[in-house]
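Visitor: fold the following for me, if possible:
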Amino acid sequence: MSFRKLSLAAAATSLAALPVAAQAAQAAPMPRASAPISDESELGGSDLVRALIIVLIGAIGMGVLLLSDDDAPVSP
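Guide: Below is the predicted model:
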């Protein structure tokens, strides 16, 4: 009975360790080199402008919610 448990444990350990060993063997070649960047792309705009637009939309939405006088209940 203990030989069966030992063989099952060995099989489970080898199945668990095999992908790790295969990944470590593939990671050994040369690392990738990145390309040099000369200028940054400005297509997206600045982060400050995006933040101000989001704050402005939020302020308008809160103003509409707070200033509307539609406090009547929906249910009869």
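
Visitor: what about the helices in this protein?
Guide: 2-26, 47-67 (DSSP state H).

Visitor: among those, which gets the worst mean confidence?
Guide: Among those, helix 2-26 carries the lowest mean pLDDT, at a mean of 79.

Visitor: in that helix, which residues are buried?
Guide: Buried residues in helix 2-26, counting neighbours by 16 or more other Cβ atoms under 10 Å, are absent. The C-beta positions use only the backbone N, C-alpha and C, and glycine is treated the same way.

Visitor: who's in contact with L66?
Guide: Applying Cβ atoms under 8 Å, 6 or more residues apart in numbering, we find L66 in contact with no residue.

Visitor: ok, it to L56 distance?
Guide: 16 Å (Cβ to Cβ, to the nearest Å).

Visitor: do S34 as well
Guide: 37 Å.

Visitor: neighbour count for these two, which is higher?
Guide: Between S34 and L56, L56 has the larger neighbour count (other Cβ atoms under 10 Å), namely 10 against 6.

Visitor: now stretch 49-59, how far from the chain's geometric center?
Guide: 24 Å (Cα atoms, centre = their mean, to the nearest Å).
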